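A.B. asks: need a 3D model of the following:
(one chain, ligands or ions: 2)
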Amino acid sequence: MLLENKVAIVTGGSRGIGHAIAVACAREGADVVINYWGDNDASYGRRSAIDEVVREIEAHGRRAIAVEGNVALPQTGIDLVSHAVEAFGKVDVLASNAGICPFHAFLDMPPSVLERTVGVNLNGAFYVTQAVARQMKEQGTGGAIVATSSISALVGGGMQTHYTPTKAGVHSLMQSCAIALGPFGIRCNSVMPGTIATDLNAEDLADEDKRAYFERRIPLGRLGAPEDVADCVVFLASDRARYVTGAALLVDGGLFVNLQ
Ligand SMILES: NC(=O)C1=CN([C@@H]2O[C@H](COP(=O)(O)OP(=O)(O)OC[C@H]3O[C@@H](n4cnc5c(N)ncnc54)[C@H](OP(=O)(O)O)[C@@H]3O)[C@@H](O)[C@H]2O)C=CC1
Ligand SMILES: C[C@H](O)[C@@H]1OC(=O)[C@H](O)[C@@H]1O
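C.D. replies: Ligands and ions are numbered 1, 2, ... in the order given. Have a look, this model is predicted:
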């Protein structure tokens with residue numbers, strides 16, 4: 001098992017890619033602290049979603065706790081670490097994954113949409129990474145941090161002008177943290193998913209033409225599944241990637257390179 005007896009924190013673990021990461025970590029032998037938020041209209045019933053993640057982790061014979069909290073707030077990272085240490089004694093792995101992408105046109109983008117997106121996606125990744133890295137440094141046994149960036153760190157989106165810079169920022173954050181934290185044996189990498197079918201883009205991909213366009217453009221011929229990303233996160237979090245830090249792994253079925 002790749003993460004035997006490790007303790008992992010996964011932000012945004014109630015749904016989509018984070019759900020798959022949390023379960024993959026457990027399958028590979030880790031106990032997991034799952035963060036979620038649920039502060040939106042569509043979030044009714046999220047508690048049952050997180051309960052299901054806990055059940056799936058326990059079915060792998062591992063322990064799980066769910067911790068509600070908005071990652072945009074510095075205190076949430078601190079709380080996640082406290083809960084992990086109290087419940088499991090340490091933190092070995094962080095999957096900084098929570099993110100939002102409220103599609104919006106550029107010219108009439110309200111400041112509130114920009115600020116919320118930057119707050120959750122970029123500031124949130126910073127605060128949680130900082131809190132976890134402080135704990136890992138104190139433990140003195142290194143650690144692995146894997147952030148969910150995106151193919152959108154490398155290419156644009158007309159309805160994502162507030163979002164793509166946050167994903168470039170997350171990638172850059174991992175590069176700089178690799179330098180800052182390397183001396184403590186803490187590795188920092190990112191995954192860059194392409195188009196993965198989740199709640200984040202369900203509405204966007206309900207457009208049959210758009211969905212068909214992606215399926216045609218992706219050389220492997222299908223949209224990604226959350227598990228495609230989760231397995232790569234587990235690899236980067238594991239000792240198999242012991243000499244990998246500051247790297248970004250595209251998980252996109254070949255979408256990025258397919259110009260023509
Ligand atoms: N889907 C895709 O094609 C791609 C996604 N990504 C990135 O992957 C990550 C996960 O996305 P995906 O699984 O698709 O999205 P989902 O919408 O399916 O899940 C988002 C998760 O983030 C949580 N979350 C949202 N806001 C906050 C917050 N303020 N504090 C804590 N948790 C929060 C949600 O919690 P709750 O359930 O409580 O609302 C949920 O668990 C994001 O960072 C996204 O940018 C990158 C590339 C492609
Ligand atoms: C939400 C989008 O469909 C998804 O998010 C990303 O980061 C990818 O670039 C996709 O556009």
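
A.B. asks: when you work out contacts or count neighbours from here on, use the C-alpha atoms and nothing else.
C.D. replies: Fine.

A.B. asks: and this protein, which residues reach ligand 1?
C.D. replies: By Cα under 6 Å from any ligand atom, the residues of the chain that approach ligand 1 are 11-18, 36-38, 43, 46, 69-72, 97-100, 120, 148-150, 193-200.

A.B. asks: for ligand 2, tell me which of those show up nearby.
C.D. replies: Within those, those near ligand 2 by Cα under 6 Å from any ligand atom are 150, 194-195, 200.

A.B. asks: so among those, where is pLDDT lowest?
C.D. replies: For these, the weakest pLDDT value sits at residue 200, with 93.

A.B. asks: from ligand 2, how far off is residue 155?
C.D. replies: 8 Å (Cα to the nearest ligand atom, to the nearest Å).

A.B. asks: next: residue 172.
C.D. replies: From residue 172 to ligand 2 the distance is 15 Å (Cα to the nearest ligand atom).

A.B. asks: next, count neighbours for residue 257.
C.D. replies: By other Cα atoms under 10 Å, the residues close to residue 257 number 11.

A.B. asks: check which helix or strand it maps to.
C.D. replies: Following DSSP states H and E, there is no helix or strand that holds residue 257.

A.B. asks: which residues sit in contact with it?
C.D. replies: By Cα atoms under 8 Å, 6 or more residues apart in numbering, the contact list for residue 257 is empty.

A.B. asks: residues touching the residue nearest to the spatial centre of the chain, list them.
C.D. replies: In the chain, the centroid-proximal residue (Cα atoms, centre = their mean) is residue 97; its distance is 1.7 Å. By Cα under 8 Å, 6+ apart, the contact list for residue 97 reads 10-13, 17-18, 125, 147-148.

A.B. asks: farthest pair within those residues?
C.D. replies: 17 and 125 (15.5 Å; Cα to Cα).

A.B. asks: name the residue in those two with the higher neighbour count.
C.D. replies: A direct count of neighbours by other Cα under 10 Å for residue 17 and residue 125 places residue 125 higher, at 30 against 25.

A.B. asks: I'd like to know how far that one sits from ligand 2.
C.D. replies: Distance from residue 125 to ligand 2, counting by Cα to the nearest ligand atom: 15 Å.

A.B. asks: check the secondary structure at that residue for me.
C.D. replies: Reducing the assignment at residue 125 to three states with DSSP: H, G, I helix; E, B strand; the rest coil gives helix.

A.B. asks: would you mind writing the CA trace of whichever strand or helix holds residue 209 as PDB?
C.D. replies: Secondary structure from DSSP H and E places residue 209 in helix 208-217. Extracted in PDB, the C-alpha atoms of helix 208-217 (Å, rounded to 0.1, in the frame of the first residue of the first chain):
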ATOM      1  CA  GLU A 208     -24.300  18.400 -25.700                       C
ATOM      2  CA  ASP A 209     -22.200  20.200 -28.300                       C
ATOM      3  CA  LYS A 210     -19.600  21.300 -25.700                       C
ATOM      4  CA  ARG A 211     -19.400  17.900 -24.200                       C
ATOM      5  CA  ALA A 212     -19.000  16.300 -27.600                       C
ATOM      6  CA  TYR A 213     -16.300  18.900 -28.500                       C
ATOM      7  CA  PHE A 214     -14.200  17.900 -25.400                       C
ATOM      8  CA  GLU A 215     -14.700  14.200 -26.200                       C
ATOM      9  CA  ARG A 216     -13.400  14.700 -29.700                       C
ATOM     10  CA  ARG A 217     -10.500  16.900 -28.600                       C
END
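
A.B. asks: okay then, goodbye and thanks.
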